[in-house]
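Colleague: what's the 3D shape of this:
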Amino acid sequence: MLAPTLPDLSKLDREGLQALLLAEHQERIATHQQLLRREIEIEHLKLLLSQLRRMQFGPKSEKLERQIEQLELRLEDLQQAQAAEETTHSIESPSTESSQPTVKVKPARRPLPEHLPRQTQTHVPQHSVCPDCGGELRKLGEDVSEMLEYVRACFQVIRHVRPKLSCQHCERIVQAAAPSRPIARGLAGPGLLAHVLVSKYADHLPLYRQCEIYERHGIELERSTLADWVGGTSALLEPLVEALRRYVMAAGKLHADDTRVPVLAPGTGKTKTGRLWTYVRDDRPAGDTAAPAVWFAYSPDRGGEHPEKHLKTFRGALQADAYAGFNQLYKDDRIQEVACWAHVRRKFYDLEQAHASPLAREALERIAALYAIEDEIRGRPPDERQQVRQTRARPLLQSLHDWFEVSLTKLSRKSDTTVAIRYALTLWPALTRYCDDGRLEVDNNAAERALRAVTLGRKNYLFAGSDSGGERAAIIYSLMGTAKLNDLDPEAYLREVLTRIADHPINRIKELLPWNIAATLAHAVQPAA
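Modeller: Residues are numbered from 1 along each chain as shown. As a prediction, the model looks like this:
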């Protein structure tokens, strides 16, 4: 700060005046820098507040996905610019010798898959005899290189011809029965139906965009036609999804979560908020060989009666977030609550990012130690996982609990850090239950992963047309999600199911579940001998 009073300038010599001016100048520079830092800090706090408000009123997962997508787009742009510059340079300077060594490191080129069809093009020299002496040429060997090409996806018209045969003696007419179609009297074959479903629900292309793509192929299909196909196919698949639901609910442990789905409210032109619930059966981290599966259910709102209805036959452990709608389920011994450490960690991560809080950073480090133990025991049998957790994780949890209690005495009751700590302590019995059962997981990430396809699709087709549209989406998401969990291509799986389901006995519908059909699909992609 500048001095409040100035010395008598008439009594200062030249050196004194220069020193006074220099000191004043340095003070002004320091003040300017302080104001600049304050302005930067204010703008940074405004940005953080804006981000936190968006996180408060919108799903955090979508925020993270947008950031990732922006970074991926930026990376793609830089890589494209680099490739363009290299191409321009190679055109302008075609010499294979470079004046400067290149420093670009490219990823190792992988061999092209053996199962892909191959077309051989033989390039014969222009000369039939030696260009120098005219002598006869004999084959010395050959150089073979491969290039990956894309052949535009094409439509095919399958003509089903059924000859009519007549008996020369009694004139009886004999003819083969008409092959069944996935949709009675429908125009679309199983492959096209599977492609439409996967394009809409996995690749997030609304039906009107698919119509535009097909038109470029010379095929004019009305959006209403595609909508009829989606509706008819989802109805056809309902018995299969019911078998999937029974399989999921027969598990002893489930992961559960939900996400919002904007739904068009009839007659208002506005949208309401429906919910898609997901229930995941996946015990592979505990060494179980049972097939993983996911079942989706739609509801027009987020009332607690919906999970009660979905889980009315379930008995076991439910890994979920702290949504109050689940609380009714835990009032008897039929369902045990298992909380999610990822939700606890996320609260401290947000605090650390916003305020660089040392306390939040220490909490993250302590939680990371719990996850390190889980990384080591993933895939081991339940009894071994339980023993390791009791020996190594239990002491860490007790230490973390004690540290939380001590930290609360040093914090304001209204601070964000206090809220994060109390969230963990309130759920403590449910957060530590995984230590007592080797089948359980440390978090509920399995359910959150299952919902990613829904959150991505929500940004593209904006809303479901009705509650029945949400129910259809749940059917398709259930089959596609389970196919992915079993390492199957969803489109190939749906094509196989739609080829067979119309003639398949309803009492053997379980044969069409993804893990039961996997062998057929694996055989279909084997390379030709």
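Colleague: switch to C-alpha atoms for all contacts and neighbour counts from now on
Modeller: OK.
Colleague: Low-confidence ranges, the stretch 151-300 of the chain, go.
Modeller: Residue ranges of the stretch 151-300 of the chain with pLDDT under 70: 151-152, 266-269.
Colleague: where do the strands sit along it?
Modeller: Per DSSP state E, counting those that start in this stretch, the stretch 151-300 of the chain carries strands over the ranges 165-166, 173-174, 253-264, 271-281, 293-299.
Colleague: What is the least confident helix or strand in this protein?
Modeller: Using mean pLDDT, DSSP states H and E, helix 60-92 stands out as the lowest-scoring helix or strand of the chain, at a mean of 50.
Colleague: and the strands of the stretch 151-300 of the chain, which is most packed in?
Modeller: Burial of these is given as mean neighbour count (mean count of other C-alpha atoms under 10 Å); strand 293-299 ranks first at a mean of 25.
Colleague: Show me what that strand is packed against.
Modeller: Helices and strands touching strand 293-299, by 3 or more C-alpha pairs under 8 Å, 6 or more residues apart in numbering; DSSP states H and E, are helix 223-249, strand 271-281, helix 467-485.
Colleague: follow-up on the earlier one: looking at the strands of the stretch 151-300 of the chain, which is closest to residue 203?
Modeller: With C-alpha to C-alpha as the measure, strand 253-264 is the member of those nearest residue 203 (17.1 Å).
Colleague: which residues touch the closest one?
Modeller: For strand 253-264, contacts defined as C-alpha atoms under 8 Å, 6 or more residues apart in numbering pick out 248, 270-282, 316-321, 439-440, 444, 446-448, 451, 455, 458, 462-467, 470.
Colleague: Just want the angle from it to helix 467-485.
Modeller: 140 degrees (axes from the mean of the first three to the mean of the last three C-alpha atoms, to 10 degrees).
Colleague: Could you check the angle strand 253-264 makes with helix 223-249?
Modeller: Angle between the axes of strand 253-264 and helix 223-249 is 160 degrees (criterion: the same axes, to 10 degrees).
Colleague: Can you give the distance of strand 253-264 from its chain's centre?
Modeller: Taking C-alpha atoms, centre = their mean, to the nearest Å, the mean C-alpha location of strand 253-264 is offset from the chain mean by 14 Å.
Colleague: quick check: angle from it to strand 293-299?
Modeller: Angle, strand 253-264 to strand 293-299, by the same axes, to 10 degrees: 40 degrees.
Colleague: would JSON lines of the strands of the stretch 151-300 of the chain with distance to residue 366 be doable?
Modeller: Below are the strands of the stretch 151-300 of the chain laid out as JSON lines (distance: least, C-alpha to C-alpha, whole Å):
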{"stretch": "strand 165-166", "distance to residue 366": "80"}
{"stretch": "strand 173-174", "distance to residue 366": "78"}
{"stretch": "strand 253-264", "distance to residue 366": "24"}
{"stretch": "strand 271-281", "distance to residue 366": "28"}
{"stretch": "strand 293-299", "distance to residue 366": "32"}
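Colleague: Can you tell me which of these is nearest to residue 401?
Modeller: For the strands of the stretch 151-300 of the chain, proximity to residue 401 was assessed by C-alpha to C-alpha; strand 253-264 is nearest, at 24.9 Å.
Colleague: now the angle from the closest one to strand 271-281?
Modeller: 160 degrees.
Colleague: Dump the C-alpha coordinates for strand 253-264 into PDB.
Modeller: Taking Å, rounded to 0.1, in the frame of the first residue of the first chain, the C-alpha atoms of strand 253-264 are listed here in PDB:
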ATOM      1  CA  LYS A 253     -27.400 -59.900  -5.500                       C
ATOM      2  CA  LEU A 254     -28.500 -57.100  -7.800                       C
ATOM      3  CA  HIS A 255     -27.200 -53.700  -8.900                       C
ATOM      4  CA  ALA A 256     -30.000 -51.100  -9.300                       C
ATOM      5  CA  ASP A 257     -30.100 -47.600 -10.600                       C
ATOM      6  CA  ASP A 258     -32.400 -45.300 -12.600                       C
ATOM      7  CA  THR A 259     -32.200 -42.400 -15.000                       C
ATOM      8  CA  ARG A 260     -34.600 -39.800 -16.300                       C
ATOM      9  CA  VAL A 261     -36.200 -40.100 -19.700                       C
ATOM     10  CA  PRO A 262     -38.100 -37.100 -21.200                       C
ATOM     11  CA  VAL A 263     -41.500 -38.300 -22.500                       C
ATOM     12  CA  LEU A 264     -43.800 -36.400 -24.700                       C
END
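Colleague: going forward, begin numbering at 768 instead of 1
Modeller: Sure, I'll start counting at 768 from here, so that last one is strand 1020-1031.
Colleague: For residue 921, which of the strands of the stretch 918-1067 of the chain is the nearest?
Modeller: From the strands of the stretch 918-1067 of the chain, taking C-alpha to C-alpha, the stretch that ends up closest is strand 1060-1066, at 32.5 Å.
Colleague: contacting residues for the spatially most central residue of the chain?
Modeller: For the chain, residue 1219 is the residue whose C-alpha lies nearest the centre (C-alpha atoms, centre = their mean; 3.9 Å). For residue 1219, no contacting residues are found, by C-alpha under 8 Å, 6+ apart.
Colleague: same thing with residue 997?
Modeller: Contact analysis of residue 997 by C-alpha under 8 Å, 6+ apart lists 960, 963-964.
Colleague: which one is residue 962 nearest to, not counting chain neighbours?
Modeller: Nearest non-adjacent residue to residue 962, counting by C-alpha to C-alpha, 6 or more residues apart in numbering: residue 1258, 6.2 Å away.
Colleague: was I right about the one you found contacting residue 963?
Modeller: No: between residue 1258 and residue 963 there is no contact under C-alpha atoms under 8 Å: 9.2 Å.
Colleague: circling back to that earlier point, ok so the residue nearest to residue 962 is a helix residue?
Modeller: Yes: membership of residue 1258 in a helix is supported by DSSP: H, G, I helix; E, B strand; the rest coil.
Colleague: roughly how far apart are it and residue 1248?
Modeller: Residue 1258 sits 11 Å away from residue 1248, going by C-alpha to C-alpha, to the nearest Å.
Colleague: Looking at those two, which one has more neighbours?
Modeller: Counted by other C-alpha atoms under 10 Å, residue 1258 and residue 1248 do not tie: residue 1248 has more neighbours, with 24 against 21.
Colleague: partner residues bridging the residue nearest to that one when sequence neighbours are not counted?
Modeller: Take residue 1248 and drop its neighbours on the chain: the residue closest to it by C-alpha to C-alpha, 6+ apart is residue 1061, 6.3 Å away. Per DSSP bridges, the residues bridged to residue 1061 are residue 1047.
Colleague: what residues are up against residue 1061?
Modeller: Counting by C-alpha under 8 Å, 6+ apart, residue 1061 has contacts 1011, 1015, 1045-1048, 1217, 1245-1246, 1248-1249.
Colleague: which one among those gets closest to residue 1097?
Modeller: Checking the contacts of residue 1061 against residue 1097 with C-alpha to C-alpha, the nearest one is residue 1046 at 16.5 Å.
Colleague: re earlier: so which of the contacts of residue 1061 would you say is closest to residue 791?
Modeller: Nearest member of the contacts of residue 1061 to residue 791, counting by C-alpha to C-alpha, is residue 1217, at 64.1 Å.
Colleague: Not counting sequence-adjacent ones, nearest residue to that closest one?
Modeller: Going by C-alpha to C-alpha, 6+ apart, residue 1217 has residue 1248 as its nearest residue, at 6.7 Å.
Colleague: Next one: the one you found relative to residue 1255, how far apart?
Modeller: Separation of residue 1248 from residue 1255 (C-alpha to C-alpha): 10 Å.
Colleague: Same check on residue 1153?
Modeller: In this view, residue 1153 and residue 1255 are 32 Å apart by C-alpha to C-alpha.
Colleague: same check, this time on residue 1098
Modeller: From residue 1098 to residue 1255 the distance is 39 Å (C-alpha to C-alpha).
Colleague: more neighbours, the two?
Modeller: residue 1255 (20 against 11).
Colleague: Give the helix, strand or coil label for that one.
Modeller: Recorded secondary structure, residue 1255: coil (three-state DSSP).
Colleague: Same check on residue 1210?
Modeller: Following three-state DSSP, residue 1210 is assigned to coil.
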